[in-house]
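Colleague: What follows is a predicted structure for the sequence shown.
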Amino acid sequence: MAKFLKNRELLLVGAITVLLALITLRFPPFVAPANLARVYNDTSILIILALGQMAVILTRCIDLSMAANLALSGMVAAMLNAAFPGLPIPLIILAAITLGTALGMINGALVWKLDIPPIVVTLGTLTIYRGLIFLLSGGKWINAHQMSDAFKALPRDELVGFPVLSWLSLVMIGLIFLLMSRTALGRAFYAVGGNPHAAVYTGIDVGRTRFSAYCLSGALAGLSGYLWVSRYAVAYVDIAAGFELDIIAACVIGGISIAGGIGSVAGAVLGALFLGVIKNALPVINISPFAQMAISGMVIIIAVAVNARAERRKGRVILRKAEAV
Amino acid sequence: MAETHLTPRNIPDRLEGRGARLLKSWESLLFVVACLIFLGNSLASPYFLDPWNLSDATFNFTEKAMIAFAMALVIIAGEIDLSVASVIALASTAMGYAVQLGFDTPALVAIGLSVGLLCGAINGLLITGLGLPSIVVTIGTMSLFRGLSFIILGDQAFTGYPDSFSWFGQGYVWWVFSFEFTLFVVLAVVYGVVLHKTNFGRAVYAIGNNQTAALFSGIRVGRIKFILFLLTGLMAGLASICLTSRLGSTRPSIALGWELEVVTMVVLGGVNILGGSGTIPGVVLAALIMGMVTFGFGLLNVPGIVMSIFIGLLLISVIALPILWRRARHRLAH
Amino acid sequence: MLQDTLTSRIKPAIALKGISKSFPGVKALSDVSLSLYPGSVTALIGENGAGKSTLVKILTGIYQPDQGTISVGDQEVHFPTALAAARAGVTAIHQETVLFDELSVAENIFLGHAPRNRFGLIDWKKLNADARALLARAGADFDPTIRLRDLGIARKHLVAIARALSVDAQVVIMDEPTAALSHKEIHELYALVERLKADGKAILFISHKFDEIFRIADRYTVFRDGTMVDEGLIADVSQDKLVRLMVGRAVGSVYPKKEVAIGEPILTVSGYRHPTEFEDINFELRRGEILGFYGLVGAGRSEFMQSLIGVTRPSAGAVRLDGEVLVIRSPSEAIRSGIVYVPEERGRQGAIIGLPIFQNVTLPSLSRTSRSGFLKLANEFALAREYTSRLDLRAASLDQDVGTLSGGNQQKVVIAKWLATRPKVIILDEPTKGIDIGSKAAVHAFMSELASEGLSVIMVSSEIPEIMGMSDRVIVMREGRIAGRFERAELTAEKLVRAAAGIREAA
C-alpha cells in the first residue's frame, strides 16, 4: 500500500505532523483528540469545496465562482426556511444542491459550448452570483431567529460522538474517492487534464467532461451553502467572500497541478486540513488571527514551488551509459 | 493596393488601408458603445453633461485604468497578475505607517512606489526566476500582500495623512481636469507608445503568441516578463497613492476585489485573456465605458452591487457574442 | 480499379470511396479511395503533406470528410467522433503516442472501456490482470501498474498495441511506428505486426522506410498532393517505381547541389557534453560548407544544436567562431555572434502564429530596423520584402498572419527570419519536414545558393536522400554521440543507416 502513496501526500502528512508538533510545543492541549476532532469539523466545509475544485482543476479549468455559488445557494436555503419554516430540511438541502448544480452548469456550459476561458467565465459568474444574492435578499440579512431550529441544528447534531457536519464531509470524501478512482467519469477527469488531445482519440468528450466537473463543483458548493448558513446561523450577501481563494489554496497545497491531470482526493483533503490546522492554531499560540491570510499566501507559494519541482520532467535520457561499456 | 494575384516577387505590404482595418476593429465597436452610453446617460439624467459631474465621474475608473494599462501588457504576454489589489493595500498600509512615523509627502510617494515595485519584483522573480505559473503565484501573493496589511493594521485604520498628500487624489491640474485624470491620459499615451511603437511592445506580442519561438528568435523572454510584473507593481503603487490620497485613510480591505475589475476592464478592451493580442486604445475605451456605466447607474440610484452584475454579464457577453456571431455567420454561409 | 485474385475473394474490412477533405486554402484530400483487407498489411506511402495524416484522422473520426463514403463490411458508416470510430473497430497507433503519461499502463490500455464489477464500479483487480494478459499477447512482460511516463517510446507503442487488442480492433493504423525505435525494438515490432496479421486484423502501415515496407507490407497505396496515384501488391512493384510515384519525378533531379569552393574552418566545436543528452561532440565547420547531421529521431542532434545556441547549457565544451572563443548563454547572444538555428518544430519554435509575416521576419533583427528602440515600419517591410522574395514566398500580403500560410510557405518565412540577421553560420533542423515538394525544392535551391555565397550551413535531417543530396560532409549521431563521419564522395545510404543504427559492418 505504501507504494501507492505518492510522495506528495506523504510530504503533506509530514508537513502537517511537523506543524502539529510545533503547535504542541507552544500549546500542548491542541493535539488532544477532542480538539483535533473540533479542528476537523471546522475544516469540513473547506474539504467538501476543495473536492469539487479538485475535479475542475484536474480537467485544466478553474472555478472562481464556488464561494459565490455557496453564498447564493445558502441564501436561497435560508430564505426558503424563513418563508416556509415547515419545509423538511432534506428538501431544503436538495434545493440548495440543485441550485448549486444549476449554477455550476452555467459555468460548464459557457466553457463547453462557447469555449470561453474558464477563468473569464468564473470571474464573470462570481460577480453575477454575488449580485443575484443582493437582488434576492434586497441586501438584508437572514438572522438566527428567522431560521427554524431544525435548520440550524442539523450540522451540529451529534452522531456517535461526532457532529453530522464531520460525518457528512467524511461521506463526501468517500463518495468522491469512489467517483475519482472507480468510475469512468472520474478517470475521464484525469484523462482530459492530462492530455486533452489524446482524450479525444480515446473517445472522451473533453467539453462534456469539463461540464460534468463544473456540475460537481456546483453541487458541492450548493451543499456547502446550506452547511455554511446553518452552521453560522446567518446569511447575507458577503458570506464566504474571498473563500474561493482558500479553496484553490487547499488544492494547490494538496499537490493538485493547476496544469491539470495530476492530483488526488487525499491531496485535496490534506491540503484543506493543513489550512484548517493553521487557522485553528493561530489564536491558541497567540498569533493574531489577522496573520492567517499572509500565512496561507506564503504556504500557497511554497506549495506551488515544491510541486513544480516534483512535476518537472526529467530530461529525456539519450545517452545510454550502460551500452557504452 | 488590392492586387491579390500571387506573384512571388511582388508581395504587397498590406491589402487593406488603415481606414478599412480601423472600421472592422474591436475598438470601433467599443467606441460606438461608449458613444451610445454617453448619449443614454445624457438623456437619462440632466446632471450628466455638467463638466464638474463628468470630472467627478472620472474618479470611478482612473485608478483602476492605471493598473489596467500594465495589466494589459502582462495579459498580452500570456501571464496574469491577480495580486494588484493587494499591492494597493500593502502600499497604502506602508504609507499609513510612515505617516505615523512622521514622514512627509515626497517620502510617502517614494514609499508607495517602492512597495509597489518590490511586490512586482517578488511576483516577477517567482514567475520568471522559478518558472511558476503566474495565476497560482499571484493568488498566493494576493493573500500574502493583503495578509501583511492585516497583520499591521488588524481592524484598525491609518489616517492623518498630510494636507499636501491629498492633492494626488483630490487636486486639479487645470479647470475640471483632476490630477488623476491627467495622469490617466499621460499614462494612456505612454503605454500606447510603448506597446504599439517600440521594440519592447513587439516583443510582448511575440511572447504572448509563442513564447518558445520568441525565445528562439533572440527575445529575452524572462527579462521582459520580469519588467512587466515590475510595471504592474509600480502602477499598483501609483494607484495606491491616488486612492489613499482620495480616501484620506487606509484600511486593510482597501481596493478589495479590484483585481477582478481590472482584469474585466482589460478583457472588455479586447485583450485576449490567452495572450497575444489587444490594444491600449481598447483598454482606454473600456475604462471610459465602465466609468460611465458606474456613474450613470449612480445617477439613477442603482446600488453598486447591481452594477457588478452588469459588469459580470458584460465580461462574459463581450467574449461570447463574437463567438456566437461567428457561428451564426458560419451557419448562414452553409 | 485494380482487380486481383486476392481482393476479389476477400471482402475489405473497411473501404473508403471518393473521400475529399478541404481546409481553408488547402485541398488536403481529393477523391481518394482505399480498402484495407483482413489479415493483410497495406503500406501507405507518400511525402509529408501528401494527405496521409488527414486520411488517418478521417479514419479515426477526428475529421469528417466533405465528400465520400466509408463502409465497414457491407454497411456505410459515419464516424462523427473518435469514439464512433473506435466502436466500429478502427484504432490508430500514432507516431508520438497519444497516451496519458500520468496514468498507469493498465489504465492507458482500458481507458474508456474499463471492466466493471457488479456495482458498476471499475474493477481494478480485473483491469490489471487483463492488462497483463494483453501485454503478454503483444509480446511485453512489464508491470501494468507502473505509470506510463516511466516507459520508453518502444514500450509505449506496446501499450498502444495492447490497447488496440483490448478493443478488439479489426482495423489497426500504425503511423510511422518505427520512427523512434532502436534496431532491436523495430524487429520486435515486425514480429508483432505478423501476429496481428495472423489474427486477421487489417493493418494500415504508414512509413517512410522502404526496406520495412518491402519487408512487412502485402499491398501499397501511394498518395501525392492529396490524391491517390497508385495502388497494388508489393510483390508487383519495385522500390524505384514507388519512389517515382511518390515524388512524381526522378530522384536525381531533386537536389540542386552547387559545387562550391570550401574555405577555411569557421566554427570549431570541441568537447561538447551534456549530463543526459550528448557527449564528446567535436567537429569543424568550414566556410561555404553544408555539413549534414544524420541520425535516427531522438539521437540527440536537436538537443546538441539547441545547446550550441544557448537554449540549454552544456556541462562542458568550447565553441570557436572565426578563431574567437564564444560563450553563448542565450539565443539572443548566439544571434548577435552570428550563429542562428532554424528549429525543427516550425509551429512551436519557429513561426509566431498570430503575428503578420513581416513581423515574424524582422523579430530577431528589430535592433537593426528600429531607431533607439522605436519601430520603423518602412524598414521592417523593406527587410521582410528582401528576404521573403529571395525565398520565393507565396503570400497575398506581408501583413497577413503567418498562420494563414501553408506549411512550406511558413517554413520560408521562418528561414527568412533567421537569415535576415545576416548570420555566419546557419543551422537548419529538418528544414523540409512536412512541407510540399515545391517549397522543398525552393528551400534546397536556396540552401545551395547560401553556401555558394560563403555562408556555412549545418543541416540536421533524418531523410537520407536529402542528406546525400545536399551535404558536403555528414556526421552521424547515435544515442548522443558521434557515430560516424563521411565525406561526400564516400557516402552511401547503407553506411549512414548502419552508423545511425549501430550495426557493425558485415563481416
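Modeller: Looks like it arrived, so ask away.
Colleague: and C:Glu453, how many residues sit next to it?
Modeller: For C:Glu453, the count of nearby residues is 9 (other CB atoms under 10 Å in any protein chain shown). (C-beta placed from N, C-alpha, C; glycine too.)
Colleague: cool, and C:Lys376?
Modeller: 15.
Colleague: Contacts only, for it.
Modeller: By CB atoms under 8 Å, 6 or more residues apart in numbering or on different chains, C:Lys376 lies in contact with C:Thr369, C:Ser370.
Colleague: State the distance from it to chain A.
Modeller: Separation of C:Lys376 from chain A (CB to the nearest CB, to the nearest Å) stands at 35 Å.
Colleague: List the residues that contact A:Lys113.
Modeller: A:Lys113 touches A:Gly207, counting by CB under 8 Å, 6+ apart.
Colleague: Let me know the pLDDT of it.
Modeller: At A:Lys113, the model reports a pLDDT of 91.
Colleague: now the host helix or strand of it: how far from the chain's centre is it?
Modeller: Assigning secondary structure by DSSP states H and E places A:Lys113 in helix A:89-114. Distance of helix A:89-114 from the chain centroid (CA atoms, centre = their mean, to the nearest Å) equals 16 Å.
Colleague: Pull out the buried positions in it.
Modeller: A:89, A:92-93, A:95-97, A:99-101, A:103-108, A:110-112 (16 or more other CB atoms under 10 Å in any protein chain shown).
Colleague: With stretch C:32-47 instead?
Modeller: C:32, C:34-38, C:40-47.
Colleague: Ignoring the adjacent residues along the chain, who's closest to C:Gly263?
Modeller: Ranked by CB to CB, 6 or more residues apart in numbering or on different chains and with sequence neighbours excluded, the top spatial neighbour of C:Gly263 is C:Arg287, at 3.2 Å.
Colleague: per-residue pLDDT, the residue of the stretch 351-500 of chain C found nearest chain A?
Modeller: In the stretch 351-500 of chain C, the residue that lies nearest chain A is C:Gly480 (4.1 Å; CB to the nearest CB). What the model reports as pLDDT for C:Gly480 is 88.
Colleague: I figured it hits C:Tyr272, correct?
Modeller: No: applying CB atoms under 8 Å, one finds C:Gly480 not in contact with C:Tyr272, separated by 10.6 Å.
Colleague: residues in contact with stretch B:321-334?
Modeller: Residues outside stretch B:321-334 that contact it (CB under 8 Å, 6+ apart) are A:Leu114, A:Asp115, A:Ile116.
Colleague: Output stretch B:44-56 as PDB, nothing but the C-alphas.
Modeller: Taking C-alpha atoms only, stretch B:44-56 is exported to PDB below (Å, rounded to 0.1, in the frame of the first residue of the first chain):
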ATOM      1  CA  ALA B  44     -31.400  59.800 -18.700                       C
ATOM      2  CA  SER B  45     -30.100  62.400 -16.300                       C
ATOM      3  CA  PRO B  46     -29.900  66.200 -16.800                       C
ATOM      4  CA  TYR B  47     -27.000  66.300 -14.400                       C
ATOM      5  CA  PHE B  48     -24.700  64.100 -16.500                       C
ATOM      6  CA  LEU B  49     -23.500  66.700 -19.000                       C
ATOM      7  CA  ASP B  50     -22.200  69.100 -16.400                       C
ATOM      8  CA  PRO B  51     -18.400  69.400 -16.700                       C
ATOM      9  CA  TRP B  52     -17.800  69.000 -13.000                       C
ATOM     10  CA  ASN B  53     -20.100  66.000 -12.800                       C
ATOM     11  CA  LEU B  54     -18.200  64.400 -15.700                       C
ATOM     12  CA  SER B  55     -15.000  65.300 -14.000                       C
ATOM     13  CA  ASP B  56     -16.200  63.500 -10.800                       C
END
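Colleague: What average pLDDT does it get?
Modeller: 85.
Colleague: And it, what's buried?
Modeller: Neighbour counts over stretch B:44-56 (16+ other CB under 10 Å) mark B:Ser45, B:Phe48, B:Leu54, B:Ser55 as buried.
Colleague: Before I go, just wanted to say thanks for your time.
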